[in-house]
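**Q** with the sequence up front, the predicted model follows.
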Amino acid sequence: MAGAAESLHDAPTGRDRLWLKRPDGSELRCRFRTEAGQDRTQILLLSWFMRDIRDDGRAVWMEPALFDLLAGVQASMSAVHGGALPLMVTSGYRTPGHNAALENAARNSMHLYGYAADVQVRGYPPRAVALAASFFSEGGIGLYDSFTHLDVWQRRTWIGRPAAGERVRK
């Protein structure tokens, strides 16, 4: 699904491209920015990739700033690692029904609006991902045992629970 004419398979990561994987084995490598700006076709592919795979595969247009954040995290972690690292997306967009079914999910989660992703980087703890994100994020960073929540809403951080002011479904 690479969108650029060049092969992105071996291309280094950068602030203009992403290499994403999902737990179901699906994978996407694309360049979503060009010299002219955002590539809307690639943003659409990324939005589809971030669909709710647990609820009929429904998708929404994801906020492009989220992809900028993810690319920054990926590029910085890959540079420190010494080679390209994919981001494992464990949750992107969530339907209201899926979100409501999750224990302790914030009622007004940014996943509902296409503003958030939960990610992992193989070989690195969630705190390393959160640290990398802190250099690029103007939004939320949530640290959990097995993943890091990243969103592009308001600046805030939390550990193992939804952000302050967000209601928790009991």
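**A** Nice, I can see it. Residues are numbered from 1 along each chain as shown.
**Q** any stretches of this protein with poor pLDDT?
**A** The chain contains residues with pLDDT under 70 at 1-13, 161-170.
**Q** could I get the full set of strands for it?
**A** 17-21, 27-31, 33-34, 37-38, 87-91, 116-120, 140-143, 148-151, 156-159 (DSSP state E).
**Q** for the ones you listed, give me CSV that also has mean neighbour count and distance to residue 55.
**A** Bear in mind the C-beta positions are built from the backbone N, C-alpha and C, glycine included. Shown next, in CSV, are those (neighbours: other C-beta atoms under 10 Å; distance: least, C-beta to C-beta, whole Å):
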stretch, mean neighbour count, distance to residue 55
strand 17-21, 22, 19
strand 27-31, 19, 20
strand 33-34, 16, 30
strand 37-38, 11, 27
strand 87-91, 20, 11
strand 116-120, 24, 15
strand 140-143, 22, 21
strand 148-151, 26, 19
strand 156-159, 15, 25
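**Q** just put the ones you listed in TSV and tack on distance to residue 56.
**A** Converted to TSV, the strands of the chain look like this (distance: least, C-beta to C-beta, whole Å):
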stretch	distance to residue 56
strand 17-21	20
strand 27-31	20
strand 33-34	30
strand 37-38	27
strand 87-91	15
strand 116-120	19
strand 140-143	26
strand 148-151	23
strand 156-159	30
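**Q** of those strands, which is nearest residue 102?
**A** Checking those against residue 102 by C-beta to C-beta gives strand 87-91 as the closest, at 9.0 Å.
**Q** for that closest one, packing partners?
**A** strand 17-21, helix 64-81, strand 116-120 (3 or more C-beta pairs under 8 Å, 6 or more residues apart in numbering; DSSP states H and E).
**Q** so can I have JSON lines of these showing distance to residue 39?
**A** Below are those laid out as JSON lines (distance: least, C-beta to C-beta, whole Å):
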{"stretch": "strand 17-21", "distance to residue 39": "10"}
{"stretch": "helix 64-81", "distance to residue 39": "10"}
{"stretch": "strand 116-120", "distance to residue 39": "19"}
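**Q** can you tell which of those is closest to residue 148?
**A** Taking C-beta to C-beta, strand 116-120 is the member of the helices and strands packed on strand 87-91 nearest to residue 148, at 5.8 Å.
**Q** what sits against residue 27?
**A** By C-beta atoms under 8 Å, 6 or more residues apart in numbering, the contact list for residue 27 reads 19-21, 86.
**Q** same check, this time on residue 55
**A** Taking C-beta under 8 Å, 6+ apart as the criterion, residue 55 is in contact with 94-95, 97-98.
**Q** measure the residue nearest to the spatial centre of the chain to residue 35 for me?
**A** Nearest to the mean C-alpha position of the chain, by C-alpha atoms, centre = their mean, lies residue 117 at 3.7 Å. Going from residue 117 to residue 35 by C-beta to C-beta, to the nearest Å gives 26 Å.
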